[in-house]
Every structure is written in structure tokens, then in C-alpha cells.
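Student: Any chance you could fold what I've pasted below:
(4 chains)
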There are 2 protein chains.
Amino acid sequence: MTTQKEVTIYDIAEALDLSPATVSRGLKDHPAIRKDTRKRIVEKARELGYQHNSFASNLRRNKTNTIGVIVPRLNSYFMSTVIAGMEKVANAGGYNLIISQSMESVDKEVANVKTLFNSRVDGFLVSLAYDTEDLSHFDMVLDKNIPLIFFDRVFEHPKCISIVIDNFKAAYEVTTHLISQGCKRIVHISANLKRNVYTDRLRGYKAALLDHNIPYDEKLVFFNNLSDQAGIEVSEAILKMEQRPDGIFSSNDACAVSCIRQLKLAGLKVPTDIAVAGFNNDPLSKVIEPNLTTVNYPGQEMGELAASTLIRRLDRLEGANLNTMVLRHDLIVRESSLKKG
Amino acid sequence: MTTQKEVTIYDIAEALDLSPATVSRGLKDHPAIRKDTRKRIVEKARELGYQHNSFASNLRRNKTNTIGVIVPRLNSYFMSTVIAGMEKVANAGGYNLIISQSMESVDKEVANVKTLFNSRVDGFLVSLAYDTEDLSHFDMVLDKNIPLIFFDRVFEHPKCISIVIDNFKAAYEVTTHLISQGCKRIVHISANLKRNVYTDRLRGYKAALLDHNIPYDEKLVFFNNLSDQAGIEVSEAILKMEQRPDGIFSSNDACAVSCIRQLKLAGLKVPTDIAVAGFNNDPLSKVIEPNLTTVNYPGQEMGELAASTLIRRLDRLEGANLNTMVLRHDLIVRESSLKKG
DNA sequence: CTGTTAGCGCTTTCAT
DNA sequence: ATGAAAGCGCTAACAG
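Tutor: The predicted structure follows:
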């Protein structure tokens, strides 16, 4: 069955009349090994079909070369580009990724932290669930000084690095842009305010209104899970309003696209009657008609930066000791979604 | 630093004046342990902040409770739903997922197999890269009887289970559908024929043509990587054809959508001038106008089935011993993409 | 440059 | 129901 006697460094050592220690060294690039010895070792290893046993090594070194990743959900374009970026960097640096989803629930997040902790991952890359209130479930991790890096949905903590974009500024830009197109009553679709990304975007939205002397009206702000369904519901609410909004700024593209479709079904013209902007630069935004003005969220780079920062720390190469690293975003203006060409 | 003396079962044993063996048993649900002894053990463990050390356990049991996943790319909607499904099932079954991308290259795929093999994953879930020619890089895996399951992009092998949909039938249905809408010259966009999914779909396409007395014209079949860019190029080729095609069947939605956009830009009416159908039921297909007729590819279920089949095998629960498992697909007809309402 | 030695923390016979 | 003991395969002092 699965186990038919492993070939170990002892077998190689015996065959070559060497000590296991020498073999162990020869198999890596230990400087203190004669070239030809190393060569004999490597050859014999191949001949016997030797395969390095990571977990014996792990046990001994107390290191797994594994990174634990916890994300709310895997199945969004944004998140899969993040993961793709992480995987690329991790792989190049000799690390594996163990990925788990919290499904937007703290309970699952807590369970995932425990599992990964027990698996002795060397470090954590985490984007928080909607309803996570505090970081107490990470205490065991932080107490052992296991590096923990947050990305996207972050939480301030003296021991942790956060990797984000400037959500405030991005939201400010989007809102300002809508205003510059003539919008006066702008709906904002937001989500759980426990999460920085949504509070920051809401703040940016408010700041832009303020700076342009547009009163803030809380009836224009919706809180939901930014799903397609949520977009439909918001649209219906909008259609029922006595005084119709003329702009929408959604915290993600999926929900924005859903709004556009629903509003068009109801006979509204986008952007003439109502302009719409999203967030994330999801491929959807280029396909919906009219194309969606949105914010380019550099997912791949965020994944790469998160992973490389973590690995630098793990490998004690240190580097940036900032507490918060901010990636550049871009406002992507797609003319067709604007009120005035 | 990262290591400040682990709390081990020895510490618990000592504190309770028991043997480590008893503690080890007490921590699981070994039957031969008195209830109150177990309770004392569990309490003391919590008190001391004990955490199970998976890799010592792994080393001993020669099992990691880890599943290695290799996919061509992570950043497609289809693949992320597959992974989401796998993660869900794996997590519920006490397994972790280590995920790696081959980036559509054999070389990377070979390297990934080695790494995962060395990490002693208990089993493999694999979807092959474009240019993988044979399974020799899996020899070490198969020789050790480590379970290997292919999904989506599969390869026949007596020791392996394949999980697929009926690509032939799906393609036949799509093509027949286009024909029923009056299409007579149907372009097919395909990819590397080393992969079952593309050969099967091409076969389905040909069979449908044959059954409807439409001659097969190889100039109408394009091979590329199904990207946005590929869609643009195909569209340009189509526009240059002396006798213009009136239908397109693309092997994925991204490329189909790209074609629609490009053809519309060139002034063609979709579907009046040319009807388009895709594959995968990507969210894009519901957003493009006209909506795209496509094939629902049940990614989440495929991920769940792959993972649960593997885990059943790993846990020796066996179950289905089929060599190939075929999931149900659905043709999704979106009226607006058809020639005649 | 190579060898000796002593574990890493856990599980599992085999005893009792 | 519990304990003793051996060892999974590797690595890192330390010694030479």
C-alpha cells in the first residue's frame, strides 16, 4: 500500500560508507562537503530513488516552509488573483501555501487559525471575515511570535503588518468623479463596517460629498453583502425612492453590475438617468454595457507583496519594517458609464 | 522568537503523573481511557496551553492529512469555484489543501509534483497543463500507491480516477443549438488538443455538423489559449474571411465574450449577423449583451466530488470504484444570443 | 571535511 | 485501563 519502506539518508550513508550527517549535508548545499563526495551522494540518492522527507526535517528544524492563508472566500476574481500572486512568490521562495476559507464567518476563521497553527505553518496571511470583532483568536499565533500579515481586510495591531490600498482616497476619487459628471444624489453600497475597507470607502464618499457641498443623506447608503442579489434589492429600493438618485458608487463591481442590469430592466438609462461606478476592476466591469467606471485593485501585486514580505521575515531578511504598506490603486474611468461624454 | 519551548504531552503526563502514552490516547478518543482520566488530561492540556503537533504525529503515522492540488491557473472563475468546493470538503474531513499552479507548463507541473511529493501529501488532485504529454512525472506518486485523481483536464490511467463532464455531448448540444438557430458556418475556438476537454469538444462539434449535413471546414477551427486577446485575433480573422461565418462556438466564455465585443465594434450584429456560444457559465456570460448561450460547468460540485472521492480513498472508506466519474452539465440557452427568438 | 550523538514530539505495539 | 520503550527520518551541535 502507500508505504513500502522509505529510502532514507541512512540507506545512502550505508551504501557509500558515510555518515548520515554527511549525506544530509551533501543533499543540501552545505559548504563543508567535498565536491566529489556531494556528487557521489546525489548520484546514489537518485539511484536508490531517495526522496527528501519534509516532515522529519520539519520536526527537527521546527519549521515547515508552509504559509497559512485565510481568506473570506475564494471564488471572486479579486481573491483568486491575490492567491495566484501569493502562490507564485511562495513557490519561488521554497514555501507551500495552505489555503482556507472563513466563508465570512468568525467561527470558521477561528477554527482555521487553530488548524493552521497546529499544522505549524511558519506564518499567516489573512484577510478578515465580515464579522470578526477582535484578534483574540490570533493570540496563540502572536504569543509565539509567528509572523502574521493582514491584507485587504486588515486590523491594526502593533505586531502585524497590514497591506492595503488607500480605500479612502479611492472612494474619494470615485465619488468626486461621479460628482464631476453632474451627480447630486449618489447612492453608496457598502458592507459590514467592522471592516476597514468599507469604513474607509464610506469615509471617502462622505468626504467627497462634503468637499462639494452635497449634503450627506444616510438613506442613500446601503449595507449588504455586495452580492448580485444585493444589487437587485438596492435597485428596487432606488426605484421606489420619491426623489431618484442619479449616481451609484458600489463597493464592488459584481454588485454594481447587478444594479446596472436591474435598472436597465426597469427602463432607466445608464448613465443618463443614473451613473454607476464600482470597485475592483473585475473583468465584468469591461463587459457590462455601459462599461463600468471602477477602481483598479492590484490583486496579484497585493498577493505577491504580502507573500514576499512574509517570506523576507521568515527568512530573517527583514526589509521593510513598516506597519502598513499601501499599494497604488488607479481610478479607471470608462467614458461610456459617465453622464457627459 | 518563534520557539519558546513547546508544551508537549510529556509536560501534561508529568503534571498528571501519567505516561505520555495515556495522554496521547486521552487527547484523541481512544476507547480504552477512563472518562475522568480523559477529562483530567484535556483540562490540563488546556491549562498548559498545549497544542497538538501535527508534524511529529505525521512523522510517526506517515500521514499528513494534506492534499496536494495542482491546477493550470488559479485566476479563472471556474477554477476558483472548483478550489472553493475542494476546500470545503477537505476542511470538513480534517484535511488541508496545498495548492500550486502549473501556469500551463509541464516543467512547472513536474516541479510541483516533486514538491508536493516531498511534502508527503496523502493524495493528489490534478488538472493538467496544456502541454503535458504523458504521466511519467507522476510515476513516483503512483509507484507508492498514493491516490491521484484528475479532474477537468484528465488523462486515462488504470490507477487513477478521472472526474469530468461529458464534453463531447455538451459540445454536440451547443453546436446543434447553433444549427437549430439557422447557423450554417460555425467557427469553433479550441485549444491544445493534448487535453481531453478540447478534443472532446471538437469531436462533439464535428459530430453535430455531420448529423446535420454541414461539411466540416478546418479553416473554421482556431486553436489558441482562449484568452481575451485570442478572442480579438479570432474576430479579426473572421472579419477578413471571404465567406463570413454566422456562428461561433468558443471553448470558454472569456474568449466568446471577447469575440462578441470585437465583432460588435466592427459593426456586426450579434446574434443576427453572427450567433455566439461559450462554455463554463462564467458570470461574464450573463453580463455581456446579448447574453451568452453557454454550458453550465459545475465547478463547485466538481471540486467537492474530487475531494470527497479522494478522502474516501484515503480514509479507506472506498466507495465508488469507477475509473471515470461524469458530472452532469447543462446547456444554458440565453435567448438573446440566438438568431431567432 | 566528516563522524558521533542526541534528540524534535508523537504513536504504537507489547506488557501488565 | 495504563505504562515502557522503541523509533518515524532528519539535523545540528560538537568533536575531531
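Student: Run through who's touching stretch A:156-164.
Tutor: Stretch A:156-164 has contacts (C-beta atoms under 8 Å, 6 or more residues apart in numbering or on different chains) with A:135, A:142, A:145, A:148-152, A:154-155, A:196-197, A:302, A:305-306, A:309, A:322-327. Glycine gets a C-beta too; all of them are placed from N, C-alpha and C.
Student: Just confirm A:I98 is within a helix.
Tutor: No - checked against DSSP: H, G, I helix; E, B strand; the rest coil, A:I98 lies outside a helix; its state is strand.
Student: Just grab the bridge partners of it for me.
Tutor: With DSSP bridges applied, A:I98 shows beta-bridge pairing to A:G68, B:I98.
Student: quick one: contacts for it?
Tutor: A:66-69, A:116, A:119, A:121, B:66, B:96-98.
Student: ok, these vs A:Y297, which is closest?
Tutor: Proximity of the contacts of A:I98 to A:Y297 (C-beta to C-beta) peaks at A:V69, which lies at 17.8 Å.
Student: which residues sit in contact with the closest one?
Tutor: Taking C-beta under 8 Å, 6+ apart, one finds A:83, A:86, A:97-100, A:124-126 in contact with A:V69.
Student: how near is it to DNA strand D?
Tutor: 25 Å (C-beta to the nearest atom of the strand, to the nearest Å).
Student: Kindly report the same for A:I248.
Tutor: 57 Å.
Student: Give me the phi and psi for that residue.
Tutor: phi -140, psi 130 (degrees, to the nearest 10).
Student: Residues touching the helix or strand bottoming out on mean pLDDT in chain A, excluding its own?
Tutor: Least confident element among the helices and strands of chain A, by mean pLDDT, DSSP states H and E: helix A:54-61 (a mean of 86). Residues outside helix A:54-61 that contact it (C-beta under 8 Å, 6+ apart) are A:64-65, A:120, B:55-56, B:58-59, B:64, B:118-120.
Student: did I read that right, A:G94 in a helix?
Tutor: No - secondary structure of A:G94 (three-state DSSP): coil, not part of a helix.
Student: mind listing what it touches?
Tutor: Applying C-beta under 8 Å, 6+ apart, the residues near A:G94 are A:N65.
Student: That one and A:F155, how far apart?
Tutor: As judged by C-beta to C-beta, to the nearest Å, A:G94 and A:F155 stand 29 Å apart.
Student: TSV please, covering the contacts of A:I98 and showing pLDDT.
Tutor: What follows is those, written out as TSV (pLDDT from 0 to 100):
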residue	pLDDT
A:T66	91
A:I67	95
A:G68	95
A:V69	96
A:L116	91
A:S119	85
A:V121	91
B:T66	91
B:N96	89
B:L97	92
B:I98	91
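Student: first to last residue in stretch A:150-165, what's the distance?
Tutor: Chord length of stretch A:150-165, first to last residue, is 12 Å (C-alpha to C-alpha, to the nearest Å).
Student: my bad, should have said stretch A:263-282
Tutor: End-to-end distance for stretch A:263-282: 20 Å, by C-alpha to C-alpha.
Student: what is the rounded mean pLDDT of it?
Tutor: The average pLDDT for stretch A:263-282 rounds to 95.
Student: List the buried residues for that stretch?
Tutor: Buried residues in stretch A:263-282, counted by 16 or more other C-beta atoms under 10 Å in any protein chain shown: A:263-264, A:268, A:270-271, A:274-282.
Student: Show only the entries of the residues you listed found in helices.
Tutor: A:263-264 (DSSP state H).
Student: Most widely separated two among the buried residues of stretch A:263-282?
Tutor: A:L268 and A:N281 (24.1 Å).
Student: For A:S80, the count of nearby residues, please.
Tutor: 25 (other C-beta atoms under 10 Å in any protein chain shown).
Student: Which helix or which strand is home to it?
Tutor: helix A:77-92 (DSSP states H and E).
Student: tell me the angle that helix makes with helix B:77-92.
Tutor: Angle, helix A:77-92 to helix B:77-92, by axes from the mean of the first three to the mean of the last three C-alpha atoms, to 10 degrees: 70 degrees.
Student: For helix A:77-92, name the packing helices and strands.
Tutor: Contacts defined by 3 or more C-beta pairs under 8 Å, 6 or more residues apart in numbering or on different chains; DSSP states H and E place helix A:77-92 against strand A:66-71, strand A:96-101, helix A:299-314, helix B:77-92, strand B:96-101.
Student: out of these, deepest packed?
Tutor: The highest mean neighbour count among the helices and strands packed on helix A:77-92, using mean count of other C-beta atoms under 10 Å in any protein chain shown, belongs to strand A:66-71: a mean of 26.
Student: rewinding a little: could you flag which of the contacts of stretch A:156-164 are buried?
Tutor: Among those, the ones that count as buried (16+ other C-beta under 10 Å) are A:135, A:142, A:148-152, A:154-155, A:196-197, A:302, A:305-306, A:309, A:325, A:327.
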